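Asker: I need the structure of the sequence given here:
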Amino acid sequence: MHRYRRFLALPAAILASAALATSALAMPPEQILHEIQDDFVIPSEACGFPIAVHAEGSIRETMFFNADGELVRATATFVNFKESWTNTLTGASAWTVHSATQHLTLNDDGSASLSITGVQGRVKTPQGGFIADIGRMAIYFPADGSDPVVTFAGQDDGQGGPFPELCDALAA
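Answerer: Residues are numbered from 1 along each chain as shown. Sure thing, here's the model as predicted:
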C-alpha cells in the first residue's frame with residue numbers, strides 16, 4: 001500500500017506543478033477606473049423636445065487575459081452612477097441610478113456573450129408609478145455574424161429601448 005501511495009504521489013506532483021506553471025504564465029487582470037462626468041443633448045426627434053442628459057459616476061472595468069495576452073473576458077461595474085434627463089423647454093426632469101455589471105466573454109470560436117445584470121434604470125412617472133429596466137439581459141453574438149440572440153429576465157418596461165416612456169414622463 002505504501003508503494004502504491006508513492007506511485008500516485010509523482011503524477012499528483014506533476015499535475016500540481018503544471019497547474020502552478022500555467023497560472024504563473026497567465027497575465028494578471030487589468031483594472032481601470034473611469035470617472036464619468038458627461039453632459040449632452042438628445043435631439044428633439046426622440047421625444048418632440050430636446051432632452052439635456054447629465055451622467056456622472058464611476059465605471060470599474062476589469063479585463064482578463066489568457067497566457068498569450070489575448071483578452072478573453074471583461075467586466076464593467078457601474079459605481080455610484082447617476083443619470084438625469086431634463087426637458088429643455090419645460091424644465092421637467094427625471095433621474096435614475098445605474099448599478100449594473102456587464103460581463104463580456106469572448107469565445108474561442110469567435111462568438112461572444114454579454115450579460116448585463118442589475119438596475120439599468122428606474123424612473124418615476126408623472127402618474128406616481130415607475131418605469132424600470134431591472135434584471136438580467138443576456139446577448140449571444142454568433143461567430144458567423146448572424147443576428148444576436150437576446151434573452152431577458154426581470155422588469156423591462158423599455159421594450160426595445162431605454163425608457164420610451166421617458167418622453168411621457170418629461171412631457172408633463
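Asker: nearest residue to Cys47 in space, please, no chain neighbours.
Answerer: Spatial nearest neighbour of Cys47, excluding adjacent residues (Cβ to Cβ, 6 or more residues apart in numbering): Cys167 at 3.6 Å. Yep, even glycine has a C-beta here, placed from its N, CA and C like the rest.
Asker: wait, Gln37
Answerer: Distances taken as Cβ to Cβ, 6+ apart put Glu56 closest to Gln37, at 5.0 Å, once the chain neighbours are dropped.
Asker: isn't the one you found up against Phe81?
Answerer: Yes. Between Glu56 and Phe81 there is a contact under Cβ atoms under 8 Å: 7.3 Å.
Asker: related to what we said a few turns ago, now do the phi/psi pair for the residue nearest to Cys47.
Answerer: Torsion angles at Cys167 (phi, psi; degrees, to the nearest 10) stand at phi -60, psi -40.
Asker: what's near enough to touch it?
Answerer: Applying Cβ atoms under 8 Å, 6 or more residues apart in numbering, one finds that Cys167 lies in contact with Ala46, Cys47, Gly48.
Asker: if we can go back for a sec, looking at Glu56 and Phe81, which is more packed in?
Answerer: Per other Cβ atoms under 10 Å, whichever of Glu56 and Phe81 has more neighbours is Phe81, with 18 against 14.
Asker: mind checking pLDDT for that one?
Answerer: Reported pLDDT at Phe81 in the predicted model: 88.
Asker: in which helix or strand would I find the spatially most central residue of the chain?
Answerer: In the chain, the centroid-proximal residue (Cα atoms, centre = their mean) is Gln102; its distance is 1.9 Å. Using DSSP states H and E, Gln102 sits in strand 93-106.
Asker: strands paired with that strand, and their directions?
Answerer: If you go by DSSP bridges, strand 93-106 pairs up with strand 71-87 (antiparallel), strand 112-124 (antiparallel).
Asker: pipe those strands into a markdown table and attach distance to Thr96 per row.
Answerer: Output for the strands paired with strand 93-106, formatted as a markdown table (distance: least, Cβ to Cβ, whole Å):
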| stretch | distance to Thr96 |
| --- | --- |
| strand 71-87 | 6 |
| strand 112-124 | 4 |
